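Novice: quick one, what's the 3D model for this:
(one chain, ligands or ions: 3)
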Amino acid sequence: MNPLELAEFARHSAAKLGFEACGVTTPGPSPTAEKLDHWLARGYAGDMRYMARQAKVRKDVSRAWADAKSVVVVLHNYYSSSGSTSGNYRVARYAQASDYHHVTRSKLDELGRLLVDAAGRGASRSYVDAGPMPERELAQLAGLGWLAKNTMLIHPRLGSFTFIGVLLTDLELAPDAPFAADRCGTCTRCLEACPTQAFVEPHVLDATRCISYLTIEAKHDVPPEHRAALGDNLFGCDICQEVCPWNESFASQTAEPGFQPRPGDAWPSLEEILAMGEADFDARFGDTALERAGLSGLQRNARVVLENREALSGPGAAPAPSARAGSASESAPPKPPRRD
Ligand code: B12
Ligand code: SF4
Ligand code: SF4
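Specialist: Ligands and ions are numbered 1, 2, ... in the order given. Now for the predicted structure:
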């Protein structure tokens, strides 16, 4: 197969495996390398030391594998309309089902095998949120969407509730054109809706203020200035995506069986989480993304959510910050075309 045929084969195979979008780019120096350096220098990575450790490769993915000639990027829709998991706390959608790393990674490995079989030679390496790949940027370079003001990769027909998978291969595939447009326009909904004001400016997130970081990655307790803003978010946060008009128009229920959320009654209460031991935690959450926070991280978060619920039920209580997110200001959101 020639590079054009191989690229077409990759797209076709990705669709058959259940990926909603697939594009191709080439490995090489990152056009935003300086921005990553700046971000690291300002301490926005917090406890995520791997971000500095991996910076060299992130700034040029050919350093991950000198023989790599092409980068195949896929998107996998994980959206589900179940906004909250149980009556009294929220878990970000990406973590409501089985661990996406396994589901997406095994399909990506299969895509690599199919490509190598079709070419009759070559090799591939797959990455899903575990490794030094600048995944969003590679997706943009592969034509799959734009880097939005909330820093997410938004696909113009899928929105942003997608996982990104990256496959390096030493095979030559015809690359796609990068996605050139920025379709955020003058909209600032996500920036205003963020309960912890984690966006320093459009496209720049101070991760140390982000609820996703505070509830998943941080090794320390939630600082006093962010405790109330955490609201009822027990693990991760979807607010800057929920308010986005592109998701309002295009987010649709995932078709992937492995991404179906657990039913509401399968989630323990906050009190049960606080009383849980390691064995129970492993049994309940061992196969989910919640494992990353560990039992102590989840209990830390549960204490903050309980604190916030108690504050809410007290006299003269103010609305929870995450509840305010839905009424983000209507500052000229772009008007995406309707799905139909
Ligand atoms: C570290 C990390 C985090 C950190 C930091 C997030 C961040 N914005 O950097 C924390 C823990 C906070 C986090 C949170 C979440 N994450 Co996360 N995370 C990552 C990880 C491992 C690296 C991201 C990274 O490189 N950050 C460094 C900063 C500097 O990158 P950046 O903000 O994207 O900026 C780059 C460009 O935007 C550009 N840039 C900078 N300024 C400007 C200005 C302009 C005008 C332009 C055009 C570009 C531009 O240059 C920068 C350097 O390349 C990736 C996986 C991976 N290997 O890439 C997943 C990943 C980004 N996360 C993902 C997800 C799903 C989430 C959450 C939604 C989870 C949740 N619900 O809680 C939230 C979303 C929060 C948010 N708004 O970003 C997905 C995103 C999928 C998508 N469609 O975009 C990824 C790709 C994992 C995956 N494989 O699917 N995450
Ligand atoms: S995930 Fe939540 S806390 Fe983090 S930037 Fe988005 S809205 Fe803010
Ligand atoms: S809410 Fe508006 S500014 Fe934010 S990512 Fe969506 S379109 Fe862009």
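Novice: going by C-alpha atoms from here, please, whenever you check contacts or count neighbours.
Specialist: Fine.
Novice: for the stretch 101-250 of the chain, what lies in contact range of ligand 2?
Specialist: Cys194, Pro195, Thr196, Ala198, Cys210, Ile211, Ser212, Cys237, Asp238, Ile239, Cys240 (Cα under 6 Å from any ligand atom).
Novice: pull up the gap between the last one and Ala198, please.
Specialist: Spelled out, it's Cys240. To Ala198, Cys240 is 10 Å away according to Cα to Cα, to the nearest Å.
Novice: quick one on the thing from earlier: ok, and the most crowded of the residues of the stretch 101-250 of the chain next to ligand 2?
Specialist: Ile211 (28 neighbours; other Cα atoms under 10 Å).
Novice: is it true that it touches Gly236?
Specialist: Yes - counting by Cα atoms under 8 Å, Gly236 is a contact partner of Ile211 at 6.1 Å.
Novice: a markdown table for the residues of the stretch 101-250 of the chain next to ligand 2, including pLDDT and secondary structure?
Specialist: Conversion of these to a markdown table gives the following (pLDDT from 0 to 100; DSSP: H, G, I helix; E, B strand; the rest coil):
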| residue | pLDDT | secondary structure |
| --- | --- | --- |
| Cys194 | 98 | coil |
| Pro195 | 98 | coil |
| Thr196 | 98 | coil |
| Ala198 | 98 | coil |
| Cys210 | 98 | coil |
| Ile211 | 98 | helix |
| Ser212 | 98 | helix |
| Cys237 | 97 | coil |
| Asp238 | 97 | coil |
| Ile239 | 97 | helix |
| Cys240 | 98 | helix |
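Novice: and of the residues you listed, the nearest to Gly258?
Specialist: Asp238 (19.6 Å; Cα to Cα).
Novice: for that closest one, which non-adjacent residue is closest in space?
Specialist: Ala92 (5.7 Å; Cα to Cα, 6 or more residues apart in numbering).
Novice: ok, Gln260 next?
Specialist: Nearest one to Gln260, counting by Cα to Cα, 6+ apart, is Ala97 at 5.7 Å.
Novice: list the contacts of Ala174.
Specialist: Pro3, Leu4, Leu6, Ala7, Val24, Thr25 (Cα atoms under 8 Å, 6 or more residues apart in numbering).
Novice: so it versus Leu6, what's the distance?
Specialist: From Ala174 to Leu6 the distance is 8 Å (Cα to Cα).
Novice: model confidence score at the residue lying closest to Gly87 once chain neighbours are set aside, please.
Specialist: Nearest non-adjacent residue to Gly87, counting by Cα to Cα, 6+ apart: Gly264, 7.9 Å away. Note for Gly264: predicted pLDDT of 79.
Novice: give me the neighbour count for Gly264.
Specialist: Gly264 - counted by other Cα under 10 Å - has 13 other residues nearby.
Novice: make 58 the first number, not 1, from now on.
Specialist: Got it, first residue is 58 now, which makes that one Gly321.
Novice: and it, its phi and psi?
Specialist: Phi and psi for Gly321, reported as degrees, to the nearest 10, are phi -50, psi -40.
Novice: same check on Val128?
Specialist: Torsion angles, degrees, to the nearest 10, at Val128: phi -120, psi 120.
Novice: partners of it in the sheet?
Specialist: Thr82, Leu225 (DSSP bridges).
Novice: verify the stated contact: it with Thr82.
Specialist: Yes - proximity of Val128 to Thr82 meets the contact threshold set by Cα under 8 Å, at 5.1 Å.
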